[in-house]
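>>> everything below, folded, please.
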Amino acid sequence: PAAIRNLSLLTASDVAGITQSYRDRLASLLAVDDLVERVVNRLEGTGILGDTVLIFTCDNGFFHGEHRILKGKQRVYEEAVRVPLLIRGGGFPQGKTANQYAANIDLAPTIVDLAGASAGRVMDGRSLLPLARDSSVAPNRDILVEALTYQAVRNSSFLYVEHGTGEQELYDMRSGTPNYDPYQLQSRHAEQSYSQIKGQLATQLNGLRTCSGASCDPAPIPAAGSLQFSAAAYEVNEGSGNATFTVTRTGGSDGDVAVDFPTPGGTATAGADYTSTSGSLTWLGGDTAAKTFSIPIINDPDPEGNET
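Below you'll find the predicted structure:
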C-alpha cells in the first residue's frame, strides 16, 4: 500500500537507534526469565505445580525497522502479528512444537477445556489441546487478523489483506514454491495468475468478518486423502476441441494438486486422439468445490468418431 511504499529509507541514525532499542528490549526480558523461575519454584514448593497450567504469550509483536517501519505494531506483517505461545502442563505434550495456526481467540476455549468447565457464552476460537496432541487436527485453519485500518485472512499458504483505503495485499507464503515470500515484500494481488486464489481468500475473509462460534472454524478437510473423478468414463468427440473433466476433492493437503493424463483406459490414444497433458488444480482450506480440467483433442485425419 502507498503508506508503506512512501516510507523513507532508514538513515544510519535510524538504524543505530533501532539497534539500541532492540538490545534494550532483550535486556528487559531477563526480568521476565527471573519472574518465570520464581513462579515455577513457588508452585513446586507448594506442591501444586502438577495441577497448574502455565501459558506464556504476548498480545502483539513489534517492528524494529522491518518494511522501513521504525517502530510500532499496527500493521499486518509477520513482525507484528506473530507472537510466542508456550503452554506447560494440562496434558500438553512435553517438548513438542505444534505447527497449526492459532490465535488469541483460542486461549479462552483452551482454558475452559483444561478446567473441565462449560462456557457461558459463544466462543469463536477452539481448544488448542487437540491440536497439540495431533498434528492432523485443523492443519489448514484460516485466521482473521484485523485492526482499525485493515482486515486480513492468514493461513499456512497465503496472507490476504483488505485495507480501509480500498487497497489490497496478497503474499504467497507457500514454502518451496517459486513465489515464496516469507518477508512479505512482493504483493501478488494484481497478478492474473493469483486471481482465483484472491477470490477464494476474499470470500473466506468475508465469512470470518461476521461468523460466530463453530462457524468461524469449520471442520477442516482431512490432511490425508485422495482426488476422485466424478465419473468412471467419459466419451470424447474429436470435433469438440477439448475434453473437460470434472475433478472432486475428497481430501489431501491444501495447495496445488497435479492432474495427469498420460494414457487412457479406453479406445482413445494419447498423441493421436488427444494431447497427453498435465496441469494443476488449486484448493484452499475448507474448499471442496469441484474443479474442471481440460485436455485438447486432436482432430486427426482419420477420425474414429466418439471415443471413450
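>>> just the terminal-to-terminal distance for stretch 73-93.
In stretch 73-93, first residue to last residue: 32 Å (C-alpha to C-alpha, to the nearest Å).
>>> how about stretch 117-125?
Span of stretch 117-125 from end to end, C-alpha to C-alpha: 15 Å.
>>> report the buried residues of it.
Taking 16 or more other C-beta atoms under 10 Å as the basis for neighbour counts, the residues of stretch 117-125 that come out buried are Met123, Asp124, Gly125. C-beta coordinates here come from the backbone N, C-alpha and C atoms, glycine included.
>>> tell me, please, the helix or strand in the protein that averages the lowest pLDDT.
Confidence across the helices and strands of the chain bottoms out at strand 227-229, with a mean of 46, counting by mean pLDDT, DSSP states H and E.
>>> could you show me where the helices are in the chain, in order?
Using DSSP state H, the helices found in the chain span residues 2-5, 12-45, 78-81, 107-115, 129-133, 195-210.
>>> kindly reformat the ones you listed as TSV and extend each row with mean pLDDT and distance to Asn60.
Below are these laid out as TSV (pLDDT from 0 to 100; distance: least, C-beta to C-beta, whole Å):
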stretch	mean pLDDT	distance to Asn60
helix 2-5	94	18
helix 12-45	96	13
helix 78-81	94	6
helix 107-115	94	14
helix 129-133	90	22
helix 195-210	92	19
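>>> ok, which of those comes nearest Arg174?
The stretch from the helices of the chain with the least distance to Arg174 (C-beta to C-beta) is helix 195-210; that distance is 10.4 Å.
>>> how about the closest one as PDB, C-alpha atoms only?
Presented in PDB, the C-alpha positions along helix 195-210 are these (Å, rounded to 0.1, in the frame of the first residue of the first chain):
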ATOM      1  CA  SER A 195      -7.000 -14.000  -9.300                       C
ATOM      2  CA  GLN A 196      -8.700 -17.300  -8.400                       C
ATOM      3  CA  ILE A 197      -6.800 -17.600  -5.100                       C
ATOM      4  CA  LYS A 198      -7.500 -14.000  -4.300                       C
ATOM      5  CA  GLY A 199     -11.200 -14.500  -4.900                       C
ATOM      6  CA  GLN A 200     -11.300 -17.500  -2.600                       C
ATOM      7  CA  LEU A 201      -9.400 -15.700   0.100                       C
ATOM      8  CA  ALA A 202     -11.800 -12.700  -0.200                       C
ATOM      9  CA  THR A 203     -14.700 -15.000   0.300                       C
ATOM     10  CA  GLN A 204     -13.100 -16.600   3.300                       C
ATOM     11  CA  LEU A 205     -12.300 -13.200   4.800                       C
ATOM     12  CA  ASN A 206     -15.900 -12.000   4.300                       C
ATOM     13  CA  GLY A 207     -17.200 -15.100   6.200                       C
ATOM     14  CA  LEU A 208     -14.700 -14.500   9.100                       C
ATOM     15  CA  ARG A 209     -16.000 -10.900   9.500                       C
ATOM     16  CA  THR A 210     -19.400 -12.000  10.600                       C
END
